[in-house]
Structure formats: structure tokens, C-alpha cells
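**Student:** heads up, no residue letters with this:
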């Protein structure tokens, strides 16, 4: 089956620093990847849609200058949390879309836990 | 905007029992997709089952089946012969187009031995 990886799996950083999270589709090409955020015991909230070769589309309320997304290739999208603050601490999950039409499916990465001190 | 509601924050059943998780949604669209995802303690999201709105037949995947009531905008998940490995958070999700998923609040399901 399709596999999506994320790196790192968890990261601790100091307030004010930037953190980059990578999302890779290992055995398929993904023109579209998605970034979600999940707070403890809550649901997933879509942050942005990442399209290869073009600018990401951000959901309402998500600061695009805060959460930089780069989809440089068909297998890699990165999320950079700039000038991280404690309120950015969360679980970040990416997903990648594959297939066409009725067979289109979204596969999720294992997530990255971010703790900002 | 589409919304997804899961009214059962937690459920608990004995192993081998059947359990049904509820989900309702709100949309003005006619064609769409619905999903159930499982998130075990590892937090890896796993697709359990999907349903195309234009299909009247309910989707089934082994022990997992859905009861899709389009007019009522209801999409429940039935797990038969529940197993310990079914213990997880279950999220109902609505595809609002281009696979932009809207998730419900989740139901924490515990299967007891």
C-alpha cells in the first residue's frame, strides 16, 4: 500500500526558533499533499493544501507567513513553523493524495509532535 | 460550510460484540465522499472505509460496514465481532471537494477483553 513518512517524528525547540517538518510519499507521486494540525484529544484541522510547483492554499485563520509550505517535488512537501511559540505546540500530520477519480485516496503520515519551550 | 458531527465522545464494548458509531453531516452538495478513519494510540491515521454518495449500496470492508442514509445525512459505522485491536479513536470525515477533508470530533472506542 501507499506509504507516507514524516520527519522528524517529534521535535522540541526553543521559543523563537524555526522548525521544518518533512512529508514524503515513499512509493508514489503526490501532486497534492495536505497539512493538518491536531491538538490533544481533538480532531484534525486542515491547515493547508500543498500543490507541487505552486503556492500552498491556506485555510481561513492559518497564518501563511507563520507556517511556510514548500512542495518542491512530487514526493516531498515541507512545513516550516517560523518563530515558533509555545502555542504552536501540537501534533502535525501530513497526507498525500494518490489515484484518480473514484480510486483517489488520501494516505496519512505518522505525524510529528512539536513541543515549543 | 460542511460540518461533521459525532455525538458519541466515548464508547466501550466487550470483545466480539458489535458496536455502531454515529456520524451526521451537513452539506448542500449532492455528490461527495464520506470516510471513516481510525487513529490508534500510535496516532497513525488509517482509512477504514469510504462511501460514495451516489451509491445507494452501503460500503463494507470485512468486519466494517456503514449505514449510509443520504436523506438523513447520516453515516454510521458498524464494527462486527470487535477485536482488541479495534481500540482507537474513530473519525468520520467528509470530502468537500479535491479531497479536502472535514473531520468530526471523534469517538474513542475501547474494546474490553
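**Tutor:** Good, I have the coordinates. Given the structure is predicted, the values throughout are model-derived calculations rather than measurements.
**Student:** residues touching whichever residue of chain B sits closest to chain A, list them.
**Tutor:** The nearest approach of chain B to chain A comes at residue B:45, 3.7 Å away (CB to the nearest CB). No exception for glycine: its C-beta is placed from N, CA and C like everyone else's. For residue B:45, the contacting residues are A:44, A:93, A:95, A:108, B:37, B:38, B:39, B:91, by CB atoms under 8 Å, 6 or more residues apart in numbering or on different chains.
**Student:** now do residue A:48
**Tutor:** A:34, A:35, A:56, A:57, A:58, A:59, A:62, A:64, A:67, A:69.
**Student:** which helix or strand contains it?
**Tutor:** Taking DSSP states H and E as the definition, one finds residue A:48 inside strand A:44-51.
**Student:** can you pull the contacts of whichever residue of chain A sits closest to chain B?
**Tutor:** With CB to the nearest CB, the shortest gap between chain A and chain B falls at residue A:108, namely 3.7 Å. Residues in contact with residue A:108, defined by CB under 8 Å, 6+ apart, are A:4, A:93, A:94, A:95, B:37, B:44, B:45, B:46.
**Student:** and with 6 Å instead?
**Tutor:** Applying CB atoms under 6 Å, 6 or more residues apart in numbering or on different chains to residue A:108 gives the contacts A:93, A:95, B:45.
**Student:** ok, and the closest non-adjacent residue to it?
**Tutor:** residue B:45 (3.7 Å; CB to CB, 6 or more residues apart in numbering or on different chains).
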